[in-house]
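Participant: only geometry, no sequence info:
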């Protein structure tokens, strides 16, 4: 579904974030992306969400080179990718409801349909009672879950998460990962960037390892069964 | 609007909903910042009041001018030895001319009284100044006064024809300058409306930078991001125009008393010309369009920075 072919990204100013990265994500796969901070994890995710364009190589999404699409087509591509940002990127002066509803408002859904879907998504992330709460009144973990609800509400085929467990306690991290596994079981392709190696180890999913912008390892998991029991533990 | 998972009607519905959301969002933004919105609209109204006010003043002066034209008359001085009979005979002959509405004879005595009254010399003995009979000729409104005067000069027993056209021409010229000035000011203030709205939207965009970025991140098209700002520009333009129109009406109301007093000294009635509903419509359309254009310029510049 997503394929990187000899992808390099060099930022203006000479920082080489990625060099010659090759890998492929199959549809419905759940994968972790690890590496030290500064290894290029965020850049890799940003390339998939068309927040950056590669300096060299191709990023293929469903066979389409998204590094070369016109800017007119970018919004349409971004709707296929739900992104969960490390810093949440929520509208802080709005209620939870309005934040989660954004992708549906953009798509022009009716208000009743939006309400229904927002409630379903908030129920899934355990925030149903916070529908009318303003974002600053939520804890970091709750804000993260609002971000997840927003990322999945329009049912995009791909979910990207950048350090979703970054500032959360282990219990919450565990809970979040279980949520990602659930979404993955519902058919979503999931790619999670994290440096929480413990968690990655326990879940036993496929893991890509970046080091200084190069893909140094691609560990295939033994199977998802072990991962499920790990997540449930 | 090329979503393939909907029929044509579904597309249209989604499109209408997106517009409705943008419209509501723009109104929400204005209402959430009542002070900023009010200040902007007042600034725009002031900028629009000046050209509109001048235009209204011009309209009033032109109306006065037309009245003066109709009162315009030609003084035909007969030869000194012409008596009352001669005067009445010439008057009746002239009044039969196609271009002349009336020719009223004025006796030397009446002429003297009027002259004395107008100059305030009635308290002095000005002696026995010989005045001729004068015919006050009122021409047809459409006539070429200079040509008529020429013909009158050649008429029988006419000594002198006095037409004071200079001040009429001067007023005409002044009004011409005035009309150009209004156009110039209107252009200038239209530009200021554009810049005020553009600047205001730019500030608003700076303030909502994060929101715009987030919208772009979750897949909003530039059109979707732009729309609430365009609506904001439209509301500001419309509000400014409406307020300016009301301000000019208030100004006319304020001036009514003194203008009536002034008109009364000329023995005329002061029927002030108020800006028409057409002008209001034109201003709303123009100012609204300028608002949208100003917002468009501001948003497009910001959007170009967000998308890679």
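Facilitator: Received, thanks. For clarity, every value in this text was computed on a predicted model and none was experimentally measured.

Participant: alpha carbons only for contacts and neighbour counts from here, please
Facilitator: OK.

Participant: show me the contacts for the residue nearest to residue A:134 when sequence neighbours are not counted.
Facilitator: Closest residue to residue A:134 apart from its sequence neighbours, by C-alpha to C-alpha, 6 or more residues apart in numbering or on different chains: residue A:95 at 4.2 Å. If a contact means C-alpha atoms under 8 Å, 6 or more residues apart in numbering or on different chains, then residue A:95 has A:131, A:132, A:133, A:134, A:135 as its contacts.

Participant: Redo those as JSON lines? Include pLDDT.
Facilitator: Output for the contacts of residue A:95, formatted as JSON lines (pLDDT from 0 to 100):
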{"residue": "A:131", "pLDDT": "92"}
{"residue": "A:132", "pLDDT": "93"}
{"residue": "A:133", "pLDDT": "94"}
{"residue": "A:134", "pLDDT": "94"}
{"residue": "A:135", "pLDDT": "93"}
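
Participant: For these, which single residue is the most surrounded?
Facilitator: Using other C-alpha atoms under 10 Å in any protein chain shown as the neighbour criterion, residue A:135 leads these with 21 neighbours.

Participant: what's around the nearest residue to that one once chain neighbours are set aside, how many residues?
Facilitator: Nearest in space to residue A:135, with sequence neighbours left out and distances taken as C-alpha to C-alpha, 6+ apart, is residue A:92 at 5.2 Å. Neighbour count for residue A:92, taken as other C-alpha under 10 Å: 14.

Participant: what are the phi and psi values for residue A:8?
Facilitator: phi -130, psi 140 (degrees, to the nearest 10).

Participant: Now do the contacts for it.
Facilitator: A:16, A:17, A:18, A:19, A:20, A:21, A:54, A:55, A:56, A:57.

Participant: Out of those residues, the closest to chain B would be?
Facilitator: Taking C-alpha to the nearest C-alpha as the measure, chain B lies nearest residue A:54 of those, at 10.8 Å.

Participant: for the nearest residue to that closest one once chain neighbours are set aside, what are its contacts?
Facilitator: Computed as C-alpha to C-alpha, 6+ apart, the closest residue to residue A:54 that is not its neighbour in sequence is residue A:9, at 5.0 Å. Contacts for residue A:9 (C-alpha under 8 Å, 6+ apart) come out as A:16, A:17, A:18, A:19, A:43, A:53, A:54, A:55, A:56.

Participant: same thing with residue B:273?
Facilitator: Contacts of residue B:273 by C-alpha under 8 Å, 6+ apart are B:56, B:59, B:60, B:63.

Participant: ranking these by neighbours, who comes first?
Facilitator: Within the contacts of residue B:273, residue B:56 tops the neighbour count with 22 neighbours, counted by other C-alpha under 10 Å.

Participant: distance of that one from chain A?
Facilitator: According to C-alpha to the nearest C-alpha, to the nearest Å, residue B:56 and chain A sit 46 Å apart.

Participant: Tell me the residues of the stretch 1-150 of chain B that contact chain A?
Facilitator: Within the stretch 1-150 of chain B, the positions near chain A by C-alpha under 8 Å from any C-alpha of the partner chain are B:13, B:14, B:15, B:16, B:17, B:18, B:21.

Participant: Which single one of the contacts of residue B:273 is nearest to residue B:219?
Facilitator: Using C-alpha to C-alpha, residue B:56 is the member of the contacts of residue B:273 that lies nearest residue B:219, at 49.6 Å.

Participant: That closest one against residue B:272, yeah?
Facilitator: No: applying C-alpha atoms under 8 Å as the test, residue B:56 and residue B:272 come out as separate, 9.2 Å apart.

Participant: Name whatever forms a beta bridge with residue A:191.
Facilitator: With DSSP bridges as the criterion, residue A:191 is bridged to residue A:31, residue A:160.

Participant: Now for it, how many residues are close by?
Facilitator: 24.

Participant: circling back to that earlier point, quick check, nearest of the contacts of residue A:95 to residue B:300?
Facilitator: Residue B:300 has its nearest neighbour among the contacts of residue A:95 in residue A:135, at 28.9 Å by C-alpha to C-alpha.

Participant: which residues of chain B fall in helices?
Facilitator: Ranges of helices in chain B, per DSSP state H, are B:8-32, B:34-71, B:84-94, B:108-119, B:145-153, B:166-207, B:209-217, B:222-265, B:277-306.

Participant: how about those helices in TSV, adding mean pLDDT and distance to residue A:38?
Facilitator: As requested, these are exported to TSV (pLDDT from 0 to 100; distance: least, C-alpha to C-alpha, whole Å):
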stretch	mean pLDDT	distance to residue A:38
helix B:8-32	84	39
helix B:34-71	81	43
helix B:84-94	87	105
helix B:108-119	71	97
helix B:145-153	82	91
helix B:166-207	83	29
helix B:209-217	85	22
helix B:222-265	87	31
helix B:277-306	83	23
